[in-house]
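A.B. asks: this one's sequence-less:
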RNA sequence: GGCGCAUUGGUGUAGUUGGUUAACACGCUGCCCUCUCAAGGCAGAGAUCACGGGUUCGAGUCCCGUAUGCGCUGCCA
């Protein structure tokens, strides 16, 4: 039997990283087992579903490299089937019409309302099977329905017994029928509800394994009952531990902002493979200790058995830009940027430079070799793709900013630099060929002759050439910048030092 | 309130059928390297395995209880 799994998000907002992880696990399992990975958009809530959200889900999956195998299924298109199935259950006596007028519920206060009602019911000892319409004679039920009276359809759950299923991650699960109410399948306006739609669609799509968030674990019992009422084979279930905020609370956009949205990672310079790798490690662990895994290896090592049970905390610090998302995710991204094959990184750098208006077509033509060497040189200390256009700006443009701390530390402290730097430029102009070794020799000799430490000139040069206090080995930077740009930038500090003197700032 | 699930250093996780000093990664500290910052190398701090009982010669690993957290409990998904 071919394995068929699905990712079934509701398009009511951005793609949440928790949902993205569910998609990843489903995808990995399908690829590992040679099965099919399907996508179903659960847009039954017409009020909240948006096309924009669907688009962002599609984009997010594409970004992560999770391709799906068959046509996307839109759940709303199946509504007629869902309704028909519910009616069949009514005819078969497995569900019944509930003519109780609809209770108005305010979305914002439902949770509280549920708890209050449950408390009250517990105190009074209410029977879940006490619905007055549950055992209404078929003739009367039919007559009222034909007469046009509005009704909801509820599944008729047996008075005695238990449901069982074996969850691949959480083990055997059992729930007494007494704990389950006669769930509503169809609203009184005829609209099919979640549990019904999911089950019908999963049957229809031939889903063999349902892999989803643990928040559905207890609901699964209801769904098992539905499969049974429908006479369908119950699939295998594997529930995933949830991803929580640092305070162990729910990770939500409302409270935590953009860190929970997958597209944020794309927009803030993450390499897809890095984020995918990080996500895979949240709630799942490989059989060995190797954590950095290219996609093929992830597929090879993935197994449902490796899924954990404890909820994971997504560790980020809301008000600290340095730790805006999980440290390990940031580290992993840096790791990928500095170690991934250069040919794979190049297009990403290109996209970033293009977005920052720093891209020049020559980089893929006459200056291709230079471009590759430059990226290779600077990639090693970058954390995100954004760094190529920020800290790395000076490599690609004459219009770059000077880091204030760098200027203070490397330039302002030594007034002699005003004369030394242009003199150094003169000296470097003589260097031929302009290679890192030759430049080093020239600079060190110049330092000797002028009686200053080489480090002084090196650090000052770094700031003059790149605007930064930190960066790659300076002689490599000289070589990459080239003779012309290097000497020009060394000299460009003179008027600037003059200005400082006038201000009495030196 | 009821039911369910979970609980290993700050975070993510390993811990095989219970058996010597609880392992790995991120983060953190120090040292080396050095033109800076990373990377890398080395060293280190940090966990009485939520708590309390029990079973056992022996428990992170089994049992019971408690606490805490999360989830579900809706004519939302």
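C.D. replies: Happy to help now that I have it. None of the values given here were measured: they were computed from a predicted structure. Numbering: from 1, shown residues only, chains lettered A, B, ... in the order given.

A.B. asks: Please make it C-alpha for all contacts and neighbour counts, starting now.
C.D. replies: Fine.

A.B. asks: shaky segments in chain A?
C.D. replies: A:105-108, A:122-126, A:494-506 (pLDDT under 70).

A.B. asks: any idea which element the residue in the stretch 351-500 of chain A that RNA strand B sits nearest to lies in?
C.D. replies: RNA strand B sits closest to residue A:470 of the stretch 351-500 of chain A, with a gap of 2.9 Å, by C-alpha to the nearest atom of the strand. Assigned by DSSP states H and E, residue A:470 belongs to neither a helix nor a strand.

A.B. asks: how close does residue A:103 get to residue A:228?
C.D. replies: 29 Å (C-alpha to C-alpha, to the nearest Å).

A.B. asks: Settle it for me: which of the two has more neighbours?
C.D. replies: residue A:228 (12 against 6; other C-alpha atoms under 10 Å).

A.B. asks: Now do the same contact list for the more buried one.
C.D. replies: residue A:234 (C-alpha atoms under 8 Å, 6 or more residues apart in numbering).

A.B. asks: Tell me if it really is in a helix.
C.D. replies: Yes: assessed with DSSP: H, G, I helix; E, B strand; the rest coil, residue A:228 lies in a helix.

A.B. asks: now the helices: where do they sit in the stretch 401-506 of chain A?
C.D. replies: Here the stretch 401-506 of chain A has its helices, by DSSP state H, counting those that start in this stretch, at A:404-407, A:417-429, A:436-450, A:454-466, A:474-491, A:494-502.

A.B. asks: How far away from the center of its chain is the fifth one?
C.D. replies: Going back to what we said before, that points to helix A:474-491. 40 Å (C-alpha atoms, centre = their mean, to the nearest Å).

A.B. asks: repeat for the fourth one
C.D. replies: Put simply, helix A:454-466 sits 40 Å off its chain's centre (C-alpha atoms, centre = their mean).

A.B. asks: Check which residues of that helix are buried.
C.D. replies: Buried residues in helix A:454-466, counted by 16 or more other C-alpha atoms under 10 Å: A:454, A:457-466.

A.B. asks: Pick out whichever of the residues you listed sits closest to residue A:232.
C.D. replies: residue A:466 (66.5 Å; C-alpha to C-alpha).

A.B. asks: contacting residues around the closest one?
C.D. replies: Residue A:466 touches A:392-395, A:400, A:402, counting by C-alpha under 8 Å, 6+ apart.

A.B. asks: do residue A:172 as well
C.D. replies: Contacts of residue A:172 (C-alpha under 8 Å, 6+ apart): A:164-166.

A.B. asks: Next: residue A:131.
C.D. replies: So residue A:131 contacts residue A:98 (C-alpha under 8 Å, 6+ apart).

A.B. asks: change it to 6 Å
C.D. replies: Residues near residue A:131 by C-alpha atoms under 6 Å, 6 or more residues apart in numbering: none.

A.B. asks: So it lies in a helix, does it not?
C.D. replies: No: using three-state DSSP, the assignment for residue A:131 is coil, not a helix.

A.B. asks: And it, how far from RNA strand B?
C.D. replies: Using C-alpha to the nearest atom of the strand, to the nearest Å, one gets 11 Å for the distance from residue A:131 to RNA strand B.

A.B. asks: Could you check how far that residue is from residue A:162?
C.D. replies: For residue A:131 relative to residue A:162 (C-alpha to C-alpha), the value is 20 Å.

A.B. asks: try residue A:206
C.D. replies: Following C-alpha to C-alpha, the distance that separates residue A:206 from residue A:162 is 26 Å.

A.B. asks: same thing with residue A:11?
C.D. replies: Distance from residue A:11 to residue A:162, by C-alpha to C-alpha: 34 Å.

A.B. asks: Over to residue A:327?
C.D. replies: 45 Å.

A.B. asks: swap in residue A:37?
C.D. replies: Computed as C-alpha to C-alpha, the residue A:37 to residue A:162 distance reads 32 Å.

A.B. asks: before we move on, what about residue A:80?
C.D. replies: For residue A:80, the distance to residue A:162 - C-alpha to C-alpha - is 31 Å.

A.B. asks: For the most centrally placed residue in chain A, list the residues it contacts.
C.D. replies: The centroid of chain A falls nearest to residue A:262 when counting by C-alpha atoms, centre = their mean (3.2 Å). Contact analysis of residue A:262 by C-alpha under 6 Å, 6+ apart lists A:15-17.

A.B. asks: can you rerun that using 10 Å?
C.D. replies: A:14-21, A:56-57, A:59-61, A:63-64, A:275 (C-alpha atoms under 10 Å, 6 or more residues apart in numbering).

A.B. asks: Same question for residue A:145.
C.D. replies: Residues counted as contacts of residue A:145 (C-alpha under 10 Å, 6+ apart) are A:97, A:99, A:139, A:151.

A.B. asks: pretty sure residue A:210 contacts residue A:30?
C.D. replies: No: between residue A:210 and residue A:30 there is no contact under C-alpha atoms under 10 Å: 11.4 Å.

A.B. asks: neighbour-wise, which of these two wins?
C.D. replies: Taking neighbours as other C-alpha under 10 Å, residue A:210 and residue A:30 compare with residue A:30 leading, 23 against 20.

A.B. asks: Point me to the helix or strand that includes that one.
C.D. replies: Residue-wise, residue A:30 maps onto helix A:17-33 under DSSP H and E.
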